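Engineer: Below is the structure, and that's it, no one-letter string:
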Ligand SMILES: [Zn+2]
């Protein structure tokens, strides 16, 4: 698989760890959107598109995010320990929608996306810079990273 294009939309907020949304084209024919560049304590990393996991209210069957304390549908109190923990003991609240299967591929994507991100940061310092047009995902939560 070749990554033929990475488009980067920078997010301009200094306090947030979320630095950019990206889309990535593979072999000129398949696009993955909603890839995020996040500033971690050890540098930038790439988060694959993910969705919040949810479960069903035991009382009415309504669907709720795992962090919800009350049911969106009937208002019943929900127990707090519904999220499963991953190997590192962190709550697993998000599930990747698309992701690399092996470490080499993860590395390749990481390098390409971070390089494109840094290039875009440099471009953004030039006068007359026009930000890339990419629709931002509706849910801009920062997913935890399970590597
Ligand atoms: Zn309910």
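Structural biologist: Happy to help now that I have it. In this text, all values refer to a predicted model and were calculated from it rather than measured experimentally.
Engineer: Now do stretch 57-71, average pLDDT.
Structural biologist: For stretch 57-71, mean pLDDT is 92.
Engineer: Repeat that for stretch 132-143.
Structural biologist: Confidence over stretch 132-143 (mean pLDDT, whole number) is 67.
Engineer: swap in stretch 88-107?
Structural biologist: The model assigns stretch 88-107 a mean pLDDT of 87.
Engineer: How far off centre is that stretch?
Structural biologist: Centroid separation between stretch 88-107 and its chain, computed with Cα atoms, centre = their mean, to the nearest Å, is 10 Å.
Engineer: Same question for it: list its buried residues.
Structural biologist: Buried residues in stretch 88-107, counting neighbours by 16 or more other Cβ atoms under 10 Å, are found at 93, 94, 100. C-beta here means a position set from N, CA and C on the backbone, and glycine is covered the same way.
Engineer: ditto for stretch 50-62
Structural biologist: 50, 53, 54, 57, 62.
Engineer: Contacting the ion as well, which ones from the residues you listed?
Structural biologist: The residues of the buried residues of stretch 50-62 that also fall near the ion, by Cβ under 5 Å from the ion, are 57, 62.
Engineer: Can you add secondary structure and give the buried residues of stretch 50-62 back as a markdown table?
Structural biologist: Formatted as a markdown table, the buried residues of stretch 50-62 follow (DSSP: H, G, I helix; E, B strand; the rest coil):
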| residue | secondary structure |
| --- | --- |
| 50 | strand |
| 53 | coil |
| 54 | strand |
| 57 | coil |
| 62 | coil |
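Engineer: by contact count, what packs against the longest strand seen in the chain?
Structural biologist: In the chain, with assignment by DSSP state E, the single longest strand is strand 30-40. Under the contact definition 3 or more Cβ pairs under 8 Å, 6 or more residues apart in numbering; DSSP states H and E, strand 30-40 sits against strand 18-26, strand 43-47, helix 103-124.
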